[in-house]
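Student: need a 3D model of the following:
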Amino acid sequence: EPAKDFTAPVLEGYSADLPGSENLEYNPEEAKKLWADAEKIAPYDESQPLTIGYNADKGDHKTWVEAVVNNIKNNLGIEVAGKPYATFKEARTEATEETLTGALRAGWQADYPSLYNFLGPIYATGAGSNDARYSNPEFDQELTDGLAASSVEEGNEAMNKAQEQLLEDLPAIPLWYQVAQGGWSNNVDNVEFGWNGVPLYYAITGK
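Tutor: Numbering: from 1, shown residues only. From the prediction side, this is the model:
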């Protein structure tokens, strides 16, 4: 499902209409205009084209990365290439050692159902999973305000204000929400899936 923000639709406080969410919409004409503006500032170096890294050991990432690469080539007329890593560990090593030479695919599964858990661990200044080394005092302050809020509603409001900053700065580009799929037998009852797409095994009963 195409992403509208940096969190997930299953969470309380989620909004698909945050200011700046239009920056995630597919708009090739606007992209061409912005690229032309960027070229005036610093021309693209075709000798060192953008690469989009992905691990080749798990998941069919090659298919979607090649689609993105071809889309950028066709719309902007620049050289772009996919960069396969043999293993996920190899890709993560370059990310943590800050030796990446291009973009890198990433994914995130939160530990608990909170907007903060999709934001703080990845984008707060100095956070352990902040691969982009993103740092914005206004974003950090909104996170702090959200954590100190007196109600869940106020906290979610602050977290979404923080997201507005992310949607402006785009330290990463959210592409999609992973849609959970599951099945079960007619031999069981009370099959429900939790917020993270995993069955609530403790609730399942046999017939």
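Student: give me the most central residue, the protein.
Tutor: Central residue of the chain (CA atoms, centre = their mean): Pro174, 3.6 Å from the mean position.
Student: that one: what secondary structure?
Tutor: With DSSP: H, G, I helix; E, B strand; the rest coil as the basis, the three-state label of Pro174 is coil.
Student: how about it, what does it touch?
Tutor: Neighbouring residues of Pro174 by CB atoms under 8 Å, 6 or more residues apart in numbering: 3, 5-6, 24. (Glycine included, C-beta is placed from N, CA and C.)
Student: separation between Ile72 and Leu18?
Tutor: From Ile72 across to Leu18, the span is 25 Å (CB to CB, to the nearest Å).
Student: please name the nearest non-neighbouring residue to Leu100.
Tutor: In space, not counting the residues next to it along the chain, Leu100 is nearest to Glu94; the distance is 5.0 Å by CB to CB, 6 or more residues apart in numbering.
Student: what domains does the record give for the protein?
Tutor: In terms of domains, the chain is parsed into 21-176, 179-206 (source: the TED database).
Student: can you lay out those domains as CSV showing distance to Gly13 and mean pLDDT?
Tutor: What follows is these, written out as CSV (distance: least, CB to CB, whole Å; pLDDT from 0 to 100):
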stretch, distance to Gly13, mean pLDDT
domain 21-176, 3, 96
domain 179-206, 12, 92
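Student: distance to Leu11 for these - can I get that in TSV?
Tutor: Formatted as TSV, those follow (distance: least, CB to CB, whole Å):
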stretch	distance to Leu11
domain 21-176	6
domain 179-206	7
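Student: so which of those is the most surrounded?
Tutor: Among the domains of the chain, the stretch with the highest mean neighbour count (mean count of other CB atoms under 10 Å) is domain 21-176, at a mean of 15.
Student: and that domain, how far out from the chain's middle?
Tutor: Going by CA atoms, centre = their mean, to the nearest Å, the spacing between the C-alpha centre of domain 21-176 and its chain's C-alpha centre is 6 Å.
Student: what distance separates the start and the end of it?
Tutor: Distances were taken as CA to CA, to the nearest Å; on that basis the terminal residues of domain 21-176 are 13 Å apart.
Student: now stretch 127-140
Tutor: Taking CA to CA, stretch 127-140 runs 11 Å from one end to the other.
Student: cool, and stretch 168-182?
Tutor: Distance between the two ends of stretch 168-182: 36 Å, counting by CA to CA.
Student: go ahead and confirm the residue nearest to Leu100 touches Ala103.
Tutor: No. When contacts are counted by CB atoms under 8 Å, Glu94 is not listed as touching Ala103 (11.8 Å).
Student: contacts for stretch 80-88, please.
Tutor: Residues lying outside stretch 80-88 but in contact with it, judged by CB under 8 Å, 6+ apart, are 49-58, 62, 65-66, 69, 72-73, 91, 94, 102.
Student: from Ala91, how far off is Cys107?
Tutor: That one is not Cys; residue 107 is Gly. To Ala91, Gly107 is 12 Å away according to CB to CB.
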